[in-house]
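Chemist: Build me a structure from this.
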Amino acid sequence: MKILVISNYRPYHTARPEAEIFIGLSKLGIEIDIMTYGDAAYFNKFKEAGINVIDFHPEKKMDKGEIAFIRKHLIEGKHDIIKLYNNPAAVNGIQAAKGLPVKVVLYRGYAGNIHWYDPTAYTKFLHRRVDKILCNSQGVADVINNQPFVDKSKTRVVNKGHRIEWYEDILPLDIKKEFNLPEDAFVIINVANNRRMKGIPYLMKAMNILPPGLPIHLLLIGGNMDTKANLALIKSGGYKDNVHFVGFRDDVLNIVAASDVFASASIKGESITKSIIEAMSLEVAPIITDIPGNVELCDHEDSGLVVKMKNPKELSDAILRLYKDRALCEKLAKNAKARIDSFLNTDRSIKEMKEFYDELIAE
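Modeler: Purely as a prediction, here's the structure:
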């Protein structure tokens, strides 16, 4: 079996779950060629694993030169499968595969923005040349399968696994000293670049609903958190001094590891949020909303608390519950780590991916 993969492996931590799957598959004897940027963090690691790495990544959709480059490698390499991980790769890779005996597989890690009435969808996920769409969660697969005229047999779910060992050397930061928090502070954290889908205003509203005077503090890490709307929301309540807009940090995992709860207020489109996986791997109790994808991450009441999206009262109640019941908070945190180790384990992902490829070749 021979596979050509086209993906962006530049950012190390972002690329690691995906990259480690292909390193694992290579160890199982699958021949893999990877097209990615020459300065990618995993470029040399792939080579060390015996993977052939090609310094190339498409930049423009429907680019004749890029299509020809990919097609040349498919013809010369006689690949059985081409795996396409992003939009430029998908659009150009599909065109490059025309008339060739290669299976075309697209990756989808976002729950939304695929519509049967959108013409651009037929250049990617709804293109007839696509043999399979590999989804990062069942929620993503459901979004695609709910489109009219979609062949539901084309979707398959394989999660991008993690290894608990990746987080063993992450030491908790002294966040109470770093952010001038009281010794009895109960710390809630959210890590994101603020976009509408992240639901940050609902987190602001949840803080405002809390009973007054509690030492509950919220750390917001990431870009564009301190918008005028968010600042106005938090200033309207009694916890304006307990919400801390931290901005970007290089030591974000150390801050997460020192927190009591990771609270996500996302309202759509997440599939499975990496920052939640990281928090669970660091043994931090998660509170998540019931959006497609993320809702698969934890078992309610066992490895986290699941609340309705766009419901600040439920979110506030969950925060208050864990503040009052530290034993439950510790139990959820411990079980969250175990949940990642079982449900989102890299070895499981490698095994499921191998089974998927074997079945695809046999079709």
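
Chemist: Now do the strands in the stretch 201-350 of the chain.
Modeler: For the stretch 201-350 of the chain, the strands defined by DSSP state E, counting those that start in this stretch cover 216-221, 243-247, 261-263, 285-289, 305-307.

Chemist: With the stretch 1-150 of the chain instead?
Modeler: With DSSP E, counting those that start in this stretch, the ranges of strands along the stretch 1-150 of the chain come out as 2-6, 31-36, 52-55, 81-84, 103-108, 132-135.

Chemist: if we can go back for a sec, in CSV, list the strands of the stretch 201-350 of the chain along with distance to residue 177.
Modeler: For every residue, glycine as well, the C-beta is placed using N, CA and C. Output for the strands of the stretch 201-350 of the chain, formatted as CSV (distance: least, C-beta to C-beta, whole Å):
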stretch, distance to residue 177
strand 216-221, 13
strand 243-247, 13
strand 261-263, 20
strand 285-289, 22
strand 305-307, 29
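
Chemist: and of these, who's closest to residue 125?
Modeler: strand 285-289 (25.1 Å; C-beta to C-beta).

Chemist: same question for that closest one, mean pLDDT?
Modeler: The average pLDDT within strand 285-289 is 98.

Chemist: do the same with stretch 337-345
Modeler: Stretch 337-345 comes out with an average pLDDT of 95.

Chemist: With adjacent residues omitted, what lies nearest to the residue with the largest distance to the centre of the chain?
Modeler: Distance from the C-alpha centroid of the chain peaks at residue 213, with 35.3 Å (C-alpha atoms, centre = their mean). Leaving aside its sequence neighbours, residue 213 sits nearest to residue 238 (C-beta to C-beta, 6 or more residues apart in numbering; 7.7 Å).

Chemist: Quick check: that neighbour touching residue 212?
Modeler: Yes: counting by C-beta atoms under 8 Å, residue 238 touches residue 212, with 4.6 Å between them.

Chemist: more neighbours, those two?
Modeler: Counted by other C-beta atoms under 10 Å, residue 238 and residue 212 do not tie: residue 238 has more neighbours, with 15 against 7.

Chemist: what's the more buried one in contact with, if anything?
Modeler: By C-beta atoms under 8 Å, 6 or more residues apart in numbering, the residues touching residue 238 are 208, 210, 212-213.

Chemist: Could you dump these into JSON lines with distance to residue 178 and pLDDT added?
Modeler: Shown next, in JSON lines, are those (distance: C-beta to C-beta, whole Å; pLDDT from 0 to 100):
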{"residue": "208", "distance to residue 178": "25", "pLDDT": "96"}
{"residue": "210", "distance to residue 178": "23", "pLDDT": "98"}
{"residue": "212", "distance to residue 178": "26", "pLDDT": "95"}
{"residue": "213", "distance to residue 178": "23", "pLDDT": "96"}
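
Chemist: quick one: which of those is nearest residue 168?
Modeler: In terms of C-beta to C-beta, no member of these lies closer to residue 168 than residue 210, at 33.9 Å.

Chemist: so what's the closest one up against?
Modeler: Contact criterion C-beta under 8 Å, 6+ apart gives 216, 238-239, 316, 319-320 as the residues in contact with residue 210.

Chemist: Out of the residues you listed, list just those in helices.
Modeler: Counted as lying in helices by DSSP state H, out of the contacts of residue 210, are 316, 319-320.
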